[in-house]
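Visitor: Dropping a prediction and its sequence here:
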Amino acid sequence: MYPNPVSAQPNIDNIDSDKIQKVILYNMTGKAVYTNNGIIKTPIDMTS
C-alpha cells in the first residue's frame, strides 16, 4: 500500500482479489475509517 501515510487516495498493488476477503484501513488513533468486503478498486477515495 502506498503512500504511507495517506491523505487522500491509497493504492494497493500486486493484489490477488481471490485471496483478499476484507480490507480495513485504520487512522492513527486506531479507528476504522474504511472497510470493504467486496471487490477492491484502487485508488481508494479517503477524502470523505
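Guide: Yes, it's here.

Visitor: hang on, isn't residue 9 packed against residue 43?
Guide: Yes - assessed by CB atoms under 8 Å, residue 9 is found in contact with residue 43 at 3.7 Å. Just so you know, the C-beta spots here come from the backbone N, C-alpha and C atoms, and that holds for glycine as well.

Visitor: burial measure for residue 44, as a count.
Guide: 17 (other CB atoms under 10 Å).

Visitor: Could you do residue 10 as well?
Guide: Residues near residue 10, counting by other CB under 10 Å: 19.

Visitor: What of residue 13?
Guide: For residue 13, using other CB under 10 Å, the count is 7.

Visitor: With residue 42 as the reference, measure out to it.
Guide: To residue 42, residue 13 is 8 Å away according to CB to CB, to the nearest Å.

Visitor: now residue 36
Guide: The value you get for residue 36 to residue 42, if CB to CB is used, is 11 Å.

Visitor: which of the two has more neighbours?
Guide: Higher neighbour count among residue 36 and residue 42: residue 36, with 14 against 11, using other CB under 10 Å.

Visitor: ok, and the closest non-adjacent residue to that one?
Guide: When the adjacent residues along the chain are set aside, residue 36 lies closest to residue 23, with 4.6 Å between them (CB to CB, 6 or more residues apart in numbering).

Visitor: Next: residue 33.
Guide: residue 27 (5.0 Å).

Visitor: bridging residues for residue 24?
Guide: residue 35 (DSSP bridges).

Visitor: quick thing: my sequence starts at 612, can you match it?
Guide: OK, 612 is where the count begins now, so the last one is residue 635.

Visitor: got the contact list for it?
Guide: Residue 635 sits next to 643, 645-647 when contact means CB atoms under 8 Å, 6 or more residues apart in numbering.

Visitor: what's the burial count for the residue nearest to residue 644?
Guide: 12.

Visitor: hang on, isn't it packed against residue 621?
Guide: No - the criterion here is CB under 8 Å, and residue 638 misses it with residue 621 at 12.0 Å.

Visitor: separation between the residue sitting nearest the centre point of the chain and residue 658?
Guide: Closest to where the C-alpha atoms of the chain average out (CA atoms, centre = their mean) is residue 636, at 5.3 Å. Distance check for residue 636 against residue 658: by CB to CB, it reads 13 Å.
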